[in-house]
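In: Turn this into a model:
(one chain, ligands or ions: 1)
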Amino acid sequence: MTTTSTKTELQSFAEDVRSGLESSPKSLSSKYFYDDEGSRIFQEIMKLPEYYLTRCESEIFQRQAAEIYDAFKHENASFDLIELGPGDGSKTALLIDHFLKQSADFTYVPIDISAEALRLLSEHFQAKFPDLIIKEKNGDYFRVLETLKETSAERTKIVFFLGSNIGNFRRDESIEFFQRLSSAMSKDDLLFIGVDLQKDPRVILRAYDDPSGVTSEFNLNLLKRINRELDANFAIENFMHYASYHPTDGAARSYLISRERQTVKIGALGQSFDFAQWEPIYMEISQKYTLGMLEELAEKSGFRIVKNFFDSKKYYTNSLWKAV
Ligand code: AVJ
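Out: Now for the predicted structure:
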């Protein structure tokens, strides 16, 4: 969640930008949205009245913490709560607060690729919950899970992947992601994911096309990041945010559209890229699921659904899966 720092990180960023802009249609990977500024703008998005996802997940945790805890401890009295990409951890904090009040025997293990984000989260959580045992792990999700599988095999693991982050994967990518997770987990370990459900298409579209322009800023920020980190000259005002939702495949997608014919130079690649007028750059997918799709996804990737928790509008689900 910080500025790309090491040589290899910068190189893979450059490589990904190159292959994206050489593709047809052009694309950029949404995983690069979250530099410091991008993370700040995402916090703004979560406060938008149109962006219902965060509020739905918080409502589920606020109202159903007891039921969630029952489902967790039904499996095992003591556990490791492992969170993939915790962000600011504000939603997880709602559950942790309840678990501690129930004197639950658990350790909180946040995993993040950014050491700085992890440090801030741990400090904040330790101050907020003095009794919480925190063992933060810096690194790649799968590598960390593999080591945990060896070093603490006897502990039941409950892996959290919240905030509809799974929505940023294509269908095939999400199956691959969960298959890798299940092979890094032991039988009877649990997975707890946040998933945005299909609903009134207009409600979904508005969440990615807010009139205040915050989502537009979020997308354009990636061009600014490329300018800064890869020595490029994108003229930001020459691109505009465009969001779509397709009810037939349940996918919200966002694009940056080139308002005019233009050429952009990327110094770090020693390369220029031509844009036709109205040519799109495909930026992000935010997949929305049906319960049927979710069941199929669980089954194909080595899990079965134990229980789904819903918000009052049934816009969103936190789904508890067991590795089989
Ligand atoms: C962080 C992936 C859940 O897709 O809803 C929000 C990112 N993009 N608005 C989402 C996002 C535009 C968000 N996730």
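In: could you show me where the helices are in the protein, in order?
Out: 7-22, 36-47, 53-75, 90-101, 115-128, 141-151, 171-184, 201-207, 214-229, 291-300 (DSSP state H).
In: ranking the ones you listed by burial, who's on top?
Out: The highest average neighbour count among the helices of the chain, using mean count of other C-beta atoms under 10 Å, belongs to helix 214-229 at a mean of 20. Placement of C-beta: from N, CA and C, glycine included.
In: residues in contact with it?
Out: Here helix 214-229 makes contact (C-beta atoms under 8 Å, 6 or more residues apart in numbering) with 3-4, 10, 13, 17, 28, 32-33, 35, 37-38, 41-42, 44-45, 48, 208-209, 232-234, 236, 239-241, 243, 254, 256, 266, 268, 283-284.
In: are any of these buried, and which?
Out: 4, 13, 17, 28, 32-33, 35, 37-38, 41-42, 45, 48, 208-209, 232, 234, 239, 241, 243, 254, 256, 266, 268, 283-284 (16 or more other C-beta atoms under 10 Å).
In: restrict those residues to contacts with the ligand.
Out: Restricting the buried ones among the contacts of helix 214-229 to those near the ligand by C-beta under 6 Å from any ligand atom leaves I45, Y208, E284.
In: thinking again about what came up before, which one of the helices of the chain lies closest to V324?
Out: For the helices of the chain, proximity to V324 was assessed by C-beta to C-beta; helix 171-184 is nearest, at 8.1 Å.
In: Show me what the closest one is packed against.
Out: helix 141-151, strand 190-196, helix 291-300 (3 or more C-beta pairs under 8 Å, 6 or more residues apart in numbering; DSSP states H and E).
In: Could you give the average pLDDT over it?
Out: The average of the pLDDT scores along helix 171-184 is 93.
In: Please see if it touches the ligand.
Out: No - if you take C-beta under 6 Å from any ligand atom as the test, helix 171-184 misses the ligand, and the best it gets is 12.2 Å.
In: Now do that helix against helix 291-300, angle only.
Out: Computed with axes from the mean of the first three to the mean of the last three C-alpha atoms, to 10 degrees, the direction of helix 171-184 lies at 50 degrees from that of helix 291-300.
In: Can you add distance to the ligand and give the helices and strands packed on helix 171-184 back as a markdown table?
Out: Converted to a markdown table, the helices and strands packed on helix 171-184 look like this (distance: least, C-beta to the nearest ligand atom, whole Å):
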| stretch | distance to the ligand |
| --- | --- |
| helix 141-151 | 15 |
| strand 190-196 | 7 |
| helix 291-300 | 16 |
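In: Can you flag the weakest of these by average pLDDT?
Out: For these, mean pLDDT drops lowest on helix 141-151, to a mean of 86.
In: which helices and strands sit right next to that helix?
Out: Counting contacts by 3+ C-beta pairs under 8 Å, 6+ apart, helix 141-151 is packed against strand 78-84, strand 105-112, helix 171-184.
In: can we see that at 6 Å?
Out: With contacts defined as 3 or more C-beta pairs under 6 Å, 6 or more residues apart in numbering; DSSP states H and E, helix 141-151 has these neighbours: helix 171-184.
In: What is the distance between the helix it packs on and the centre of its chain?
Out: 15 Å (C-alpha atoms, centre = their mean, to the nearest Å).
In: Alpha carbons of it, as CSV, please.
Out: C-alpha atoms of helix 171-184 as CSV (Å, rounded to 0.1, in the frame of the first residue of the first chain):
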residue,chain,number,x,y,z
ARG,A,171,-13.8,-16.3,-12.9
ASP,A,172,-10.9,-18.5,-13.9
GLU,A,173,-8.5,-16.4,-11.7
SER,A,174,-10.8,-16.7,-8.7
ILE,A,175,-10.9,-20.5,-9.0
GLU,A,176,-7.2,-20.6,-9.3
PHE,A,177,-6.8,-18.3,-6.3
PHE,A,178,-9.1,-20.3,-4.0
GLN,A,179,-7.5,-23.6,-5.2
ARG,A,180,-4.1,-22.3,-4.1
LEU,A,181,-5.6,-21.2,-0.8
SER,A,182,-7.1,-24.6,-0.2
SER,A,183,-3.8,-26.3,-0.9
ALA,A,184,-2.1,-24.0,1.6
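In: ok, residues contacting that helix?
Out: Applying C-beta atoms under 6 Å, 6 or more residues apart in numbering, the contact partners of helix 171-184 are F142, L145, E146, K149, I166, F169, K300, S301, G302, A323.
In: now the angle from that helix to helix 141-151?
Out: Using the same axes, to 10 degrees: helix 171-184 against helix 141-151 is 20 degrees.
In: tell me the pLDDT at the closest residue to N238 other than its chain neighbours?
Out: The spatial neighbour of N238 that comes closest, neighbours along the chain excluded (C-beta to C-beta, 6 or more residues apart in numbering), is R259 at 5.2 Å. R259 carries a pLDDT score of 98 in this model.
In: Noted, bye for now.
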